[in-house]
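S.K.: predicted model and sequence follow; I will ask about them next.
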Amino acid sequence: MAQSDVMETSRSTRLWARVSPKQKTLFQRAAELSGQTLSEFVLASTQEKASQVVQDHETIRLTQAEQTAFVKALLEPPAPSARLRQAAETYKQQLGL
């Protein structure tokens with residue numbers, strides 16, 4: 001992730017969190033080792049984790065068999081059923097096509 005993706009130049013809100021002394025010590029040590037302030041470290045780490053969670057929930061993962069079935073359905077779709085053809089015709093009539 002690029003640095004510009006992690007830090008915005010303008011801050012407009014604050015986020016407060018209560019942490020245990022043990023957690024703060026750990027976070028502070030990690031920040032120091034990363035060459036960041038505690039705030040920079042917490043924000044970068046939180047944004048990275050949040051981005052990963054969102055990506056994980058927005059990405060479709062398929063097994064090899066599922067991939068094959070999906071591609072086959074795209075390349076060789078079944079012929080439309082009578083019900084689907086009727087629905088398409090009704091739709092066209094409603095639109096005046």
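M.R.: Okay, I see it.
S.K.: which of the residues in the longest helix anywhere in the chain are buried?
M.R.: The single longest helix within the chain, with elements called by DSSP state H, is helix 38-58. Within helix 38-58, the residues scored as buried using 16 or more other C-beta atoms under 10 Å are 41-45. In short, each C-beta sits where N, CA and C put it, glycine included.
S.K.: which outside residues touch the following helix or strand past it?
M.R.: Note on helix 38-58: by DSSP states H and E, the next helix or strand toward the C-terminus is helix 64-75. For helix 64-75, contacts defined as C-beta atoms under 8 Å, 6 or more residues apart in numbering pick out Leu62.
S.K.: shaky segments in this protein?
M.R.: Residue ranges of the chain with pLDDT under 70: 1-11.
S.K.: show me the domain layout of it.
M.R.: The record's domain parsing of the chain by automatic domain parsing lists 17-58, 64-95.
S.K.: quick one: the shortest one to chain centroid distance?
M.R.: By that I understand domain 64-95. Its chain's average C-alpha position is 28 Å from that of domain 64-95, according to C-alpha atoms, centre = their mean, to the nearest Å.
S.K.: end-to-end on it?
M.R.: The first residue of domain 64-95 is 41 Å away from its last residue (C-alpha to C-alpha, to the nearest Å).
S.K.: what's the longest helix of the chain packed up against?
M.R.: Here helix 38-58 touches helix 3-6, helix 21-34, going by 3 or more C-beta pairs under 8 Å, 6 or more residues apart in numbering; DSSP states H and E.
S.K.: convert the C-alpha atoms of it to PDB, please.
M.R.: Presented in PDB, the C-alpha positions along helix 38-58 are these (Å, rounded to 0.1, in the frame of the first residue of the first chain):
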ATOM      1  CA  LEU A  38       2.200   6.000  17.900                       C
ATOM      2  CA  SER A  39      -0.600   7.700  16.100                       C
ATOM      3  CA  GLU A  40       0.900   7.100  12.700                       C
ATOM      4  CA  PHE A  41       1.500   3.400  13.500                       C
ATOM      5  CA  VAL A  42      -2.100   2.900  14.800                       C
ATOM      6  CA  LEU A  43      -3.600   4.700  11.900                       C
ATOM      7  CA  ALA A  44      -1.600   2.800   9.300                       C
ATOM      8  CA  SER A  45      -2.100  -0.600  10.900                       C
ATOM      9  CA  THR A  46      -5.800   0.000  11.300                       C
ATOM     10  CA  GLN A  47      -6.200   1.200   7.700                       C
ATOM     11  CA  GLU A  48      -4.300  -1.800   6.400                       C
ATOM     12  CA  LYS A  49      -6.400  -4.200   8.400                       C
ATOM     13  CA  ALA A  50      -9.600  -2.500   7.400                       C
ATOM     14  CA  SER A  51      -8.700  -2.500   3.800                       C
ATOM     15  CA  GLN A  52      -7.900  -6.300   4.000                       C
ATOM     16  CA  VAL A  53     -11.200  -7.000   5.700                       C
ATOM     17  CA  VAL A  54     -13.200  -5.100   3.100                       C
ATOM     18  CA  GLN A  55     -11.300  -6.800   0.200                       C
ATOM     19  CA  ASP A  56     -11.800 -10.200   1.800                       C
ATOM     20  CA  HIS A  57     -15.600  -9.600   1.900                       C
ATOM     21  CA  GLU A  58     -15.800  -8.200  -1.600                       C
END
